[in-house]
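A.B. asks: Sequence plus predicted model, see below.
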Amino acid sequence: MVSPWQFHITAGALCLDFANTVSWRRSGSPIERLQTYADLASWGRQVGLMSQPEERRLNREAAAHQRRLLRTLATARSLREAIFAVFARISEGGVPPNRDLRALEAWIRTAVEHSKMVVRSGRYRWEPVAGASRMDDMLWRVALSADELLSSGAVRRIGQCSGRDCRWLWVDRTRNHSRRWCDMAVCGNRAKAHRHYRRRQAIEAGPSEPSIA
Ligand SMILES: [Zn+2]
């Protein structure tokens, strides 16, 4: 069996980690990391929203309800795209497209309807009530994370990776607001390797011909 894709959980906010389940958005050929319902469940497990036995159970059910679960996958991707569109625009200093903001708003409204207010370590937050399906619970938590981010001061700290093809989103929680990369191990090193390659090319090409005015 092929081992599941290891998602990069580095955004600093659950909703942005979900938005980052498409790789290389800035390139001509982005890669969809939520190809199947199993990928969605795997993401849920990797971010800690469901346990391994829950993930296995969802995958067993998936085999029996293919059509319904394809719909769930499509719905999950539509939530993700609304989150990406809204926060990408915010990170560029713009106003989110109305259509995407309204779509996200509808998700948040549904999530709140199925949640109760709880206090954890002195912080008040919405949490889905028990009894929802694992998948609904997971997607509502993602929507609630978007709500929390939109209404917090951290909304002014959202950025996009400087990687050439990347565009993953993150919250800059560094003290001096210096975050540039989604993950130094991904885009930071890629950029370093690219600079190194360009330098080597320049050295091998030798000094350029002086231009004649
Ligand atoms: Zn990146």
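C.D. replies: It's in. Residues are numbered from 1 along each chain as shown.
A.B. asks: now Gln35: how far from the ion?
C.D. replies: 20 Å (C-beta to the ion, to the nearest Å). Where you see a C-beta, it was placed from the backbone N, CA and C, and this is true even at glycine.
A.B. asks: part of a strand, is that residue?
C.D. replies: No. Applying DSSP: H, G, I helix; E, B strand; the rest coil, one finds Gln35 to be coil, outside a strand.
A.B. asks: Need the per-residue pLDDT for it.
C.D. replies: pLDDT recorded at Gln35 is 95.
A.B. asks: That one and Arg57: what is the separation?
C.D. replies: Gln35 sits at a distance of 20 Å from Arg57 (criterion: C-beta to C-beta, to the nearest Å).
A.B. asks: more crowded one of the two?
C.D. replies: The neighbour count for Gln35 versus Arg57, taken as other C-beta atoms under 10 Å, is higher for Arg57 (14 against 11).
A.B. asks: mind checking which helix or strand the more buried one is in?
C.D. replies: Using DSSP states H and E, Arg57 falls within helix 52-64.
A.B. asks: That helix packs against which elements?
C.D. replies: helix 37-46, helix 134-150 (3 or more C-beta pairs under 8 Å, 6 or more residues apart in numbering; DSSP states H and E).
A.B. asks: Kindly calculate the angle that the last one makes with helix 37-46.
C.D. replies: When you say that, I think you mean helix 134-150. 60 degrees (axes from the mean of the first three to the mean of the last three C-alpha atoms, to 10 degrees).
A.B. asks: Give me the contact list for helix 134-150.
C.D. replies: Outside helix 134-150, the residues that touch it by C-beta atoms under 8 Å, 6 or more residues apart in numbering are 13-16, 18, 40-41, 44, 49-50, 54, 57-58, 72, 75-76, 79, 83, 86-87, 104, 107-108, 110-112, 114-115, 125-128, 132, 155, 158, 171.
A.B. asks: Just the ones in helices from those, please.
C.D. replies: Within the contacts of helix 134-150, residues falling in helices by DSSP state H are 14-16, 18, 40-41, 44, 54, 57-58, 72, 75-76, 79, 83, 86-87, 104, 107-108, 110-112.
A.B. asks: In PyMOL, select just the buried ones from the residues you listed.
C.D. replies: Selection of buried members from those for PyMOL, criterion 16 or more other C-beta atoms under 10 Å:
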select buried, resi 14+15+16+18+40+41+44+54+58+72+76+79+83+86+87+104+107+108+111+112
